[in-house]
Structures are given as structure tokens and as C-alpha cells.
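Peer 1: Build me a structure from this.
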Amino acid sequence: MTFYEVVLIMAVGVISGFMNTVGGGGSLLSLPALIFMGLPSAEANGTNRVALMVQCMVAVGNFQRKGFFDLKLGLLLGIPAILGSVVGVYLAVTLSDLIFNRILAVVMLLVLAAIIGQPEKKFIKPLENLTPGRRYIAAAVFFFVGIYGGFIQAGAGFIIIVALSMITGMSLVKINSQKNLVVGLYMLSSLALFVADGKVSWVLGLILAVGNGVGGWLGSNFAMSRGDRWIRVFLVICVILMSAKLLGLFDLK
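Peer 2: Predicted coordinates:
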């Protein structure tokens, strides 16, 4: 591996980590970069999760230091997501990439509509004041979020943002802090399965992780300093680009 390739992977990690922390879709940049480096798609998928783990740890730590953090809520949603991610990893081999990408593109457009529609203004009841029944609903929703995240991960951040908006009515800054905790938790189980199957390139994964960690730190600072308005603008841009990529309107190869 040349010096320039190391710099390239780190740079991709910074951009990807920033995107993932503030919105989502960064894996659509990092995965092609890993495949470009010669990794098979399955190994690139597993290797990418090493960087995602580091990115989430850095972002969560930064959010926690600034007071944008709720561990109790994160565990309530993260534990069922962990269980779901195990199912998702095993489902990953059952659907072709082409069909999945088309379905995901439609999902992303629905997410875009939800982001623009600002559902959190219609569902403003805080989670801590909800009935136990609504808590169970939240846990069930994040079990399926975990399945999706374990399956492919790309775009999971957008889905988590919309789900948390509708369940909790929190600000987008707080939602991003919880999103990074939930992703970090279920990433543990999915990464373990990829490691057990020998589908992780540790050298590339750790190089990418350095960049993702920097991106996670920059992204969390951006989210806390700019607030909901700029996060919403960034989300809309990311979702549009991701949907266009999945529909084949442009290629990152």
C-alpha cells in the first residue's frame, strides 16, 4: 500500500464519518473506496464496520461531554437493535444488490419527505413521559432498525433519525447523539459476525477508522454548534445524493 493510498482512505474516512454523524449515507462513499483498494464486497462491508465503530465512539463521547446524551434511552433502543442486527447479517445473503438498492432508493425518498415534513413537530411527547406500551413499540421499531443495519447499514442513520423524531420529538442534535449510540451498539454484534467469518481487513479498517474518528468528531461539533436548521439542510442533501446513487443516476466507482 502506497502513502497516497493511505491518505486517500483516511480522507474518505473523514468525509464518511462526518456524513454518518450528522446525517447518514457515508458508507456509500467508504464502501466503494474499500472495493477500489481490492477488497471483495463482503470483506469491504465488514472492514467498513471497524471504522464505523470508532466513529460512533468518538461522536458519542463528544456529545456526552456537551450534555447531548441520554444513556437510558440509548440502551432502551440499542439492545433490541443489537438483537435485530444479528438477524440482519444472516439475511444479507438472501437479496440481490440490484433489488435491494432499488428498494432502498424508494425508502430514502420517503425519508426525505419525512425530514422535510418535520414529523417531530407532530409527535412532541417526550419518551420518558410515554406509557409502557409506547416504550415497547419503540423497542420493536429499533429491533427492525437493527435488522436493517445488520443487513447493509447504508442509510440506516436516516431511518433512525426519522424513527426517533416520530417517537420522541427530540431536537435533531439530541437525535444525532442517540443515533450514534444505537449504531455503535448494534455495530458490535454485526462486526463480531464479520470477524468470525474472516471478512475484515484490519489494516485498511484501522486506517479508515482514523479518518472516520476525525469525521465523527467534526460532525458532532458541527451538529451541536449549528443546530437543527443546518442539520436538516445537510440531511436533505445527503438523502438526495444517496437516492440518486442508488437509482443509478451517477456512479462513485
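
Peer 1: Not counting sequence-adjacent ones, nearest residue to I137?
Peer 2: Using C-beta to C-beta, 6 or more residues apart in numbering and skipping residues adjacent in sequence, the residue nearest I137 is I167, 7.8 Å away. No exception for glycine: its C-beta is placed from N, CA and C like everyone else's.

Peer 1: Pull the number of nearby residues for that neighbour.
Peer 2: 24 (other C-beta atoms under 10 Å).

Peer 1: do the one 10 residues further on as well
Peer 2: Burial measure for S177: 28 neighbouring residues, criterion other C-beta under 10 Å.

Peer 1: isn't it right up against F69?
Peer 2: Yes: the criterion here is C-beta atoms under 8 Å, and S177 meets it with F69 at 5.2 Å.

Peer 1: any residues in contact with both of those two?
Peer 2: Residues touching both S177 and F69 by C-beta atoms under 8 Å, 6 or more residues apart in numbering: V60, F63.

Peer 1: so where do the strands sit in the stretch 151-253 of the chain?
Peer 2: With DSSP state E, counting those that start in this stretch, there are no strands along the stretch 151-253 of the chain.

Peer 1: just the helices in it please.
Peer 2: Secondary structure of the stretch 151-253 of the chain by DSSP state H, counting those that start in this stretch: the helices cover 156-168, 172-196, 202-226, 228-246.

Peer 1: Let me see the contact set for G205.
Peer 2: G205 neighbours (C-beta under 8 Å, 6+ apart): T47, N48, R49, V50, A51.

Peer 1: Quick check: closest non-adjacent residue to the third one.
Peer 2: Read it as R49. L191 is the one closest to R49 (C-beta to C-beta, 6+ apart), at 4.4 Å.

Peer 1: Just give me the lowest mean pLDDT stretch among the helices of the stretch 151-253 of the chain.
Peer 2: Of all these, the minimum mean pLDDT falls on helix 228-246 (a mean of 68).

Peer 1: before we move on, the earlier item: neighbours of the residue nearest to R49, how many?
Peer 2: 23.

Peer 1: residue contacts, it?
Peer 2: L191 touches G46, R49, V50, M53, V200, counting by C-beta under 8 Å, 6+ apart.

Peer 1: Now list the buried members of those residues.
Peer 2: Neighbour counting by 16 or more other C-beta atoms under 10 Å classes G46, R49, V50, M53, V200 among these as buried.

Peer 1: In helices, which of those residues appear?
Peer 2: Judged by DSSP state H, the buried ones among the contacts of L191 include G46, R49, V50, M53 as members of helices.

Peer 1: and the closest residue to A44 other than its chain neighbours, what is it in contact with?
Peer 2: In this structure, A44 finds its nearest non-sequential neighbour in L34, 3.8 Å apart by C-beta to C-beta, 6+ apart. L34 is in contact with I9, E43, A44, T47, N48, S201, L204, L208, counting by C-beta under 8 Å, 6+ apart.

Peer 1: ok, so of these, who is nearest Q153?
Peer 2: Nearest to Q153 out of the contacts of L34 is N48 (C-beta to C-beta; 7.6 Å).
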